[in-house]
Every structure is written in structure tokens, then in C-alpha cells.
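In: Okay, here's the prediction I keep looking at, along with the sequence it came from:
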Amino acid sequence: MPLSEDPLLESAVEYPEDLSAADESISETALGEEEDEAPLPAEESAEQSLSESSLLSGKGAAHDPTQIYLKEIGHANLLTAEEEVYYGRLVLQGDEKARHKMIEANLRLVVKIAKHYFNRGLSFLDLIEEGNLGLMHAVEKFDPERGFRFSTYATWWIKQTIERAIMNQSRTIRLPIHVIKELNIYLRAAKQLHQVLGREPTIEEIAEKVDRPVKEVKEMLMSDEQVISYDTTIGDEDNTLLDYLGDNHQHDPERKMITADIKHKLAGWMQEIDEKYRDILERRFNLGRYARSSAKDKETFEQVGENVGLSRERVRQLQMEALRQLRRVMEKHGVTEDII
């Protein structure tokens, strides 16, 4: 358990740089299965995406944060195969500008994939946020010399992060990823039958459509029962149920001493990251120019977005990059996860 009680420090050291599935596990067969998930075509305008978002959210463009985000990403040009190779090689050399270029050019791919997981326990915008984490990981792992398009490779990672988020954030009892995949097959079949029949299909009808035993389908669908998660947000803020549970280490003298020392040095470390990212962290974690009397007064993603003129998702992306920079600074000064 991290020793620091500061949420910013915990976020910095717990940034998800890796997923449990090894990169080598993406076989050529698996890649071939994902060819249908090509990026959104260039001719698909921002207006078309906004129209689809309206149907998903039921809100008008002026007030829907998802549509605001889609407007922000709608102007990014897709990369050609040659450009993917060019920028991919630069990313492997540590070029941050190339990394950002590849991420921004493929944000619409995340939106397209996220649509397939709508009504699975997470909001559409949350699905996009999780998918973007997979996209970032794919950019860092992409090997342009292997000969396939980036969208083919990225689709696997985007789906993995979204499916893991559904598993981890919408249920307390966590299901293996292969079970989630199987469950999605049954749920898609149920949705298709509902559209055809005009009513909820029976388990027998679902089993017949997917050609599985009725008992197997019934057991799988029972595993989809929704339960209260420790990650469930309480009220209108970012606090979760877990935040209100007691900490058995809160009176540990050693913990308090290390926490105090790290907090003392944090202000200096913050000066070593870009000002744009520092501003986001200060607003989000109640620090520096935006420090308030109570730690609970920190700004939500929505509040930061309103104050700086960005969407909630864009603020989320900037925070993740800011935490990445802060983590590098901390590691440079010898502060690692085992210390925190």
C-alpha cells in the first residue's frame, strides 16, 4: 500500500504504464481478426460524429461534454501508412511530439470502438477515456517495422483497456477478461434479438442465436448482475466509497514522516514540469496557486474544463501527461514506487 496519503503522489506513482497482457501475445491471427476496426474514414465529418453522440447521450450539442470533445478531435487528420512508419520510428526514439501526433490522429478510432461498449456499465465519455489509455499504450509499443497498420495494432489495446475498465469499475466481483469477451457476445446477441422481436429475448432464444447450450448462456448472463463497487462515486464530486473507509495506517509515525518529507519537496518537483501541465495538477489536486483550506475543495474534471475552456476528456488527457512528467521528475530525484 502506498505510504503517501497525497492523492497527487499516489496518482503519479500508480500511472498505468503497462497492462498485464504481454505485447507478444498479440499474434498475427489476433491482428487479422481486428481488420474491421479501421479508423473513422476521413470523410466522416465532426458533424456526423456529433449527431451520433446526440443519439447516445440524449443531450444537445451546446451542453453535452461528449459532443464538445468530439468537436475538439474532429479536425485531426488521419495518418497515411507512410506517416505511421515515420512517426512510429520517432516515437521509439523518444520523440514526444511524434507521440502526441500519433495519439491525436487516432482519437476518433477510440470513439468508434467505444460505441460498441455503450450501456455496459460505464458512460460513453468514460469508455472514451479508458480507450484513450489503450491508445497511448499502443503508440508507445507500436513497431512500424512489422508491416501492419497502426489502427490494427491499436484496436487490440483499446479494446483491452475498455473491457478491463468495464470489469474493474462496474463490478466488485471481477471477471477474467476472456469471460468478459464471452459475455459481450451474448449481450450483443440479446440486443440484436430485442431489435428484431421488439421485446426482451428469452435465454433459450439467445442460446439458439449464439449456438451455445442454454445452461452455459444462463450462467454467463447471471455473472453480469450489477453490484455496488468500491469505486462507485459518492455525490457530485470525485470521492468514492473507498475514500470513506477507514485507513488502518493513518496513525503510523513512519508513514507520516515520509509523507511530510515528500509533500515538502513536491512544490519543487512541480516546477520542473511544463507550466500547462502544472496548472492542471494544481487545479485538480488543490496545490500551489489554487490551494484551498480543505483538500476536498479540489476541482473536478468538469470544473477545470470550464475554467480553462477545455472538455472534461481533454483535461483528463492533460492530467495523465502531467502525471507522467511528474513521475519522471520524481524518479530522477530517487523517489520510486516502493518508497512512496
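Out: Received, thanks.

In: Could you pull out the strands in the chain for me?
Out: Using DSSP state E, the chain contains no strands.

In: Below-threshold pLDDT in it: ranges please.
Out: Low-confidence segments of the chain, defined by pLDDT under 70: 1-63, 168-180, 223-264, 292-297, 334-340.

In: Give me the domain ranges for the chain.
Out: Annotated domains of the chain cover 34-169, 177-222, 241-332 [automatic domain parsing].

In: Just to check, Val110 is in contact with Leu135?
Out: Yes. Contact criterion C-beta atoms under 8 Å: Val110 and Leu135 qualify, at 5.4 Å. Every C-beta, even on glycine, is put in place using the N, C-alpha and C of the backbone.

In: what touches both of those two?
Out: Both Val110 and Leu135 are in contact with Ile158, where contact means C-beta atoms under 8 Å, 6 or more residues apart in numbering.

In: So for the two, which sits in the more crowded spot?
Out: Shown here are Val110 and Leu135; by other C-beta atoms under 10 Å, Val110 has more neighbours (28 against 25).

In: how many neighbours does the nearest residue to that one once chain neighbours are set aside have?
Out: Closest residue in space to Val110, ignoring its immediate chain neighbours: Gly131 at 3.9 Å, by C-beta to C-beta, 6 or more residues apart in numbering. The number of residues packed near Gly131 is 27, by other C-beta under 10 Å.

In: My guess is Gly131 contacts Gln160. True?
Out: No. Between Gly131 and Gln160 there is no contact under C-beta under 8 Å: 9.7 Å.

In: any idea where the helices of the stretch 1-150 of the chain begin and end?
Out: Under the criterion DSSP state H, counting those that start in this stretch, helices of the stretch 1-150 of the chain are mapped to 7-13, 28-33, 46-57, 65-73, 81-92, 96-105, 107-114, 124-141, 150-169.

In: and those as a markdown table, adding distance to Ile185?
Out: Formatted as a markdown table, the helices of the stretch 1-150 of the chain follow (distance: least, C-beta to C-beta, whole Å):
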| stretch | distance to Ile185 |
| --- | --- |
| helix 7-13 | 35 |
| helix 28-33 | 13 |
| helix 46-57 | 22 |
| helix 65-73 | 27 |
| helix 81-92 | 31 |
| helix 96-105 | 30 |
| helix 107-114 | 16 |
| helix 124-141 | 18 |
| helix 150-169 | 12 |
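
In: Out of these, flag the one nearest Val329.
Out: helix 7-13 (8.9 Å; C-beta to C-beta).

In: Please identify the most buried of the domains of the chain.
Out: domain 34-169 (a mean of 18; mean count of other C-beta atoms under 10 Å).

In: Could you list the alpha-carbon positions for stretch 117-129 in PDB?
Out: Provided in PDB are the C-alpha atoms of stretch 117-129 (Å, rounded to 0.1, in the frame of the first residue of the first chain):
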ATOM      1  CA  TYR A 117     -19.500  -1.000 -25.400                       C
ATOM      2  CA  PHE A 118     -22.300   1.500 -24.800                       C
ATOM      3  CA  ASN A 119     -24.700   0.500 -22.000                       C
ATOM      4  CA  ARG A 120     -22.100  -1.800 -20.400                       C
ATOM      5  CA  GLY A 121     -21.900   0.000 -17.000                       C
ATOM      6  CA  LEU A 122     -19.700   3.000 -18.000                       C
ATOM      7  CA  SER A 123     -20.800   6.300 -19.500                       C
ATOM      8  CA  PHE A 124     -19.800   6.900 -23.200                       C
ATOM      9  CA  LEU A 125     -17.300   9.500 -22.100                       C
ATOM     10  CA  ASP A 126     -15.700   7.200 -19.600                       C
ATOM     11  CA  LEU A 127     -15.400   4.500 -22.300                       C
ATOM     12  CA  ILE A 128     -13.600   7.000 -24.500                       C
ATOM     13  CA  GLU A 129     -11.300   8.000 -21.600                       C
END
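
In: What ranges does the stretch 201-340 of the chain have for its helices?
Out: 203-210, 214-222, 253-270, 275-284, 301-308, 312-332.

In: Could you export those helices as CSV, including distance to Glu145?
Out: Shown next, in CSV, are the helices of the stretch 201-340 of the chain (distance: least, C-beta to C-beta, whole Å):
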stretch, distance to Glu145
helix 203-210, 39
helix 214-222, 40
helix 253-270, 37
helix 275-284, 32
helix 301-308, 38
helix 312-332, 25
